[in-house]
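Colleague: Need a 3D model of the following:
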Amino acid sequence: MKKDFRKRIREGPILCDGAMGTMLDVYEYPELPHEIQNVKNPGIVERIHREYIEAGAEIIQTNTFSGNRLRLMQFHLEDQTAALNRAGVEIARKAAGDSVYVGGSVGPVGKLLEPVGKVKAADVLTAFKEQISVLVDAGVDVLFLETFVSLHELDLAIAAAKELTNLPIVAQKAFPEDGSILSGTFPVEVAEHLMSKGVDVVGANCTVGPQRMFSIIRNMYKDGVIMSAQPSAGIPTLLNGRALYHTSPEYLAQYSRELLQAGVTIIGACCGSTPSHIRAIRRVVDEFRGEKPAITVKERGRKSDVAASVQTPVLDLDRSQFARNLRKRFLTSVELDIPRGLDMSSVMQGARFLHKFGIDAINVTDGARARLRMSSIAISHMLQTEVGIETMTHLATRDRNMIGIQAELLGAHALGIRNVLFITGDPTNIGDYPQATSVFDIDSAGLIRAAKSMNRGVDLMGNTIEQRTSFFVACAVNAMADNMDAEMEKLEKKVAAGADVAYTQPIYDMKTLERLLKRIKNLRISVMLGILPLRSHKHAEFLHNEIPGMLIPEAIREKIHRAKDAAGVGIELAAGFLREAKSEVAGVYLMPPFQKYDIVPKILEGAGLLEEDKRKLKVEGSML
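Modeller: Okay, the predicted model is just below:
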């Protein structure tokens, strides 16, 4: 008969099982999610459980890792949540009998939570409660909350479990394979955090092999804490979409001994492991004959928090000139059209011209309208180094996953780019490659949060990047959105994420601007007023009727229609509007027609914003 689990884990090492998914792949049951086999082929799941028990496992984990509603929704199986989890427990209990503990496996929801992603914490908590209640009612002995990258999400799983049951809880975080994290104080901070939540066992599983797992556990050790460790069988290679692992049972067993001597009580294995690995670990566990191994590591001395220990304050000189001048004087930025291909001479020429007139920054778009263009980061670097003018670099979430987008940010900072305007980006189906994938791992608010996290010296998941960045963060706002309540809600999220300034979509009249400023007054964010000069009646009609979020008052469209020199009237209208609006905003964001950058000083002069010493340059520039 099984002892009380809480008493058992205080007596000495206890062996858990290995990977379920790996074994289902081995036996050629690769269909995802693996939980579907609980009802389609329960015999193979039971067979795998029995093989682990025969190898010496004292704990088997139910085949329910992906069994929460939000994750099953990806496979259109959310209506089978209860059935899949109940069947998973029943199969495990049948295999376990009276001598082996059944651990109810609970994994993350597989989606990013707010504020980084779109999934609400309340919905995640509900999904965990639903799954855990089924596991508890079906008769598990202990809950294994495993492979959680996000501590916030793990906290929600713990909260759900604590509300529903008094069963023992094993809480395991997945750590990245990063030396600066594995050797720092972060692991022990995680242990302390989880213990404060009232769990019985804290530990780590998955993502790293046995050697890296030892580094984590060594730095997680704390007197009086019961720990678990379930390393993967090394780093996999992919063959025909299937992950292949190469760590031998003997190697995994060797590190199991070191893990036990580092304070681990529950020992097992994760992805890539098989009954052969568990059998090898069993021989190591048996060496201790139910006694607690002598601990060969010491509790780490406490340091300051990781984010603080490696950081120095960001000096004002590290910030962009644009950032330092915000709210001190009226700022000007100009968007230049990016041509196809490699020849950026027109962009360089336009930037040099505008630099003479004191323009503060050149806006560089990132694949606008989902069209293939050179990297906005590369062009920005060229402009800053070859022309000497600052850029406002646009960066879209459409084309890069969470890893890629943060890598781009680090690269941009290394190249001297400090001003970044974050946008979600247009969907690919309207651009050059409609069959391309739109990633959208995170939205613009999530990307803003990533940049601001880096300004604190950590990434989106709170892992240290060792040095602080100094990004000045801009966001976009549409004053004429179809649903202004939704637009304001999005802007509030961007401001909460840390946006420093908001760039408006083109606006054409004071009424629209004043309505926007009134709605965002409480947000206390500076505004760069977007102005796109009209060049013809067809241009005005196209923008008004075919571009989302663009509304041009009928009186303006009619005036352009009647004008003999429509482009000249467009400049006059832009200048007049800017002259009236300049006292209400932090600056202007001008979007001149393709290669018509010479109209910029004309608009600024008409608005009373062109300095005296630049007026002669304007006349010379008009002859270029």
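
Colleague: In stretch 437-451, which residues are buried?
Modeller: Neighbour counts over stretch 437-451 (16 or more other C-beta atoms under 10 Å) mark 438-451 as buried. The way it works is simple: take the backbone N, C-alpha and C, and place the C-beta from them, glycine included.

Colleague: Stretch 453-467 too?
Modeller: Here stretch 453-467 shows 453-465 as buried, counting by 16+ other C-beta under 10 Å.

Colleague: What is the nearest of the residues you listed to residue 533?
Modeller: Ranked by distance to residue 533 (C-beta to C-beta), the buried residues of stretch 453-467 are led by residue 455 at 34.9 Å.

Colleague: Helices - which of the buried residues of stretch 453-467 land there?
Modeller: 453, 454, 455 (DSSP state H).

Colleague: What is the least confident helix or strand in the protein?
Modeller: helix 306-309 (a mean of 37; mean pLDDT, DSSP states H and E).

Colleague: Name the residues that touch the next helix or strand after that one?
Modeller: Remark: after helix 306-309, the chain's next helix or strand is helix 321-325, criterion DSSP states H and E. Contacts to helix 321-325, defined as C-beta atoms under 8 Å, 6 or more residues apart in numbering, come from residues 316, 331, 333, 360, 361, 390, 392, 418, 419, 472, 500.

Colleague: can you rerun that using 6 Å?
Modeller: For helix 321-325, the external contacting residues (C-beta atoms under 6 Å, 6 or more residues apart in numbering) are 360, 361, 390, 419, 472.

Colleague: residues contacting the fourth one?
Modeller: Looking back up the chat, that one is residue 419. 320, 322, 392, 472.

Colleague: mind listing the helices for the stretch 401-550 of the chain?
Modeller: Per DSSP state H, counting those that start in this stretch, the stretch 401-550 of the chain carries helices over the ranges 402-414, 444-455, 484-497, 510-519, 537-546.

Colleague: so what secondary structure elements neighbour the longest one?
Modeller: Translated: helix 484-497. helix 444-455 (3 or more C-beta pairs under 6 Å, 6 or more residues apart in numbering; DSSP states H and E).

Colleague: can we see that at 8 Å?
Modeller: helix 444-455, strand 472-477, strand 501-504 (3 or more C-beta pairs under 8 Å, 6 or more residues apart in numbering; DSSP states H and E).

Colleague: again with the first one
Modeller: Counting contacts by 3+ C-beta pairs under 8 Å, 6+ apart, helix 402-414 is packed against helix 376-386, strand 390-396, helix 444-455.

Colleague: Tell me which of those lies nearest to residue 41.
Modeller: helix 444-455 (38.9 Å).

Colleague: I would like the residues contacting the closest one, please.
Modeller: The contact list for helix 444-455 (C-beta under 8 Å, 6+ apart) reads 112, 115-117, 314, 395, 397, 405-406, 409-410, 413, 420, 422-424, 442, 459-460, 462, 465, 468-471, 473, 475-476, 490, 493-494, 496-499.

Colleague: same check, this time on stretch 509-525
Modeller: Taking C-beta under 8 Å, 6+ apart as the rule, stretch 509-525 contacts 477, 479-480, 484, 488, 491-492, 495, 499-502, 504, 507, 527, 529, 551, 553, 556, 577, 580-581, 584-585.

Colleague: Specify the beta-bridge partners of residue 61.
Modeller: Residue 61 has the following beta-bridge partners by DSSP bridges: residue 103.

Colleague: how far does stretch 590-606 stretch from start to finish?
Modeller: Start to finish, the residues bounding stretch 590-606 are 14 Å apart (C-alpha to C-alpha, to the nearest Å).

Colleague: Now do the contacts for residue 429.
Modeller: By C-beta under 8 Å, 6+ apart, the neighbours of residue 429 are 370, 438.

Colleague: again, but for residue 243
Modeller: Contacts here follow C-beta under 8 Å, 6+ apart; on that basis residue 243 touches 22, 25, 236, 237, 271, 272.

Colleague: Now, those that are in strands?
Modeller: residue 237 (DSSP state E).

Colleague: ok, of the contacts of residue 243, which come out buried?
Modeller: Burial by neighbour count, judged by 16+ other C-beta under 10 Å, picks out 22, 236, 271, 272 from those.

Colleague: With distance to residue 16 added, can I get these in CSV?
Modeller: CSV is the format used below for the buried ones among the contacts of residue 243 (distance: C-beta to C-beta, whole Å):
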residue, distance to residue 16
22, 15
236, 20
271, 14
272, 15
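
Colleague: Single out whichever of the residues you listed has the smallest pLDDT.
Modeller: Ranked by pLDDT, the buried ones among the contacts of residue 243 bottom out at residue 236 (75).

Colleague: Excluding chain neighbours, what is closest to it?
Modeller: Among residues not flanking residue 236 along the chain, residue 243 sits closest, at 3.9 Å (C-beta to C-beta, 6 or more residues apart in numbering).

Colleague: Bridged to the one you found, which residues?
Modeller: With DSSP bridges applied, residue 243 shows beta-bridge pairing to residue 238.

Colleague: So for it, what's the pLDDT?
Modeller: pLDDT, read off for residue 243, is 70.

Colleague: Also residue 35?
Modeller: Taking residue 35 on its own, its pLDDT is 98.

Colleague: ok, it - contacts?
Modeller: Applying C-beta under 8 Å, 6+ apart, the residues contacting residue 35 are 63, 64, 65, 66, 67, 72, 77, 84, 85, 88.

Colleague: These in helices, which ones?
Modeller: Those of the contacts of residue 35 lying in helices (DSSP H): 72, 84, 85, 88.

Colleague: Show the contacting residues for the first one.
Modeller: Counting by C-beta under 8 Å, 6+ apart, residue 72 touches 33, 35, 66, 78, 80, 81, 84.

Colleague: which residues does the residue nearest to residue 330 when sequence neighbours are not counted bridge with?
Modeller: Of all residues not flanking residue 330 in the chain, residue 587 sits nearest, at 5.6 Å (C-beta to C-beta, 6+ apart). Listed by DSSP bridges, the beta-bridge partners for residue 587 are residue 331, residue 528.

Colleague: Now render the contacts of residue 35 as JSON lines, adding pLDDT and distance to residue 18.
Modeller: What follows is the contacts of residue 35, written out as JSON lines (pLDDT from 0 to 100; distance: C-beta to C-beta, whole Å):
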{"residue": "63", "pLDDT": "98", "distance to residue 18": "13"}
{"residue": "64", "pLDDT": "98", "distance to residue 18": "16"}
{"residue": "65", "pLDDT": "98", "distance to residue 18": "13"}
{"residue": "66", "pLDDT": "97", "distance to residue 18": "17"}
{"residue": "67", "pLDDT": "98", "distance to residue 18": "19"}
{"residue": "72", "pLDDT": "97", "distance to residue 18": "24"}
{"residue": "77", "pLDDT": "97", "distance to residue 18": "25"}
{"residue": "84", "pLDDT": "98", "distance to residue 18": "21"}
{"residue": "85", "pLDDT": "98", "distance to residue 18": "21"}
{"residue": "88", "pLDDT": "98", "distance to residue 18": "17"}
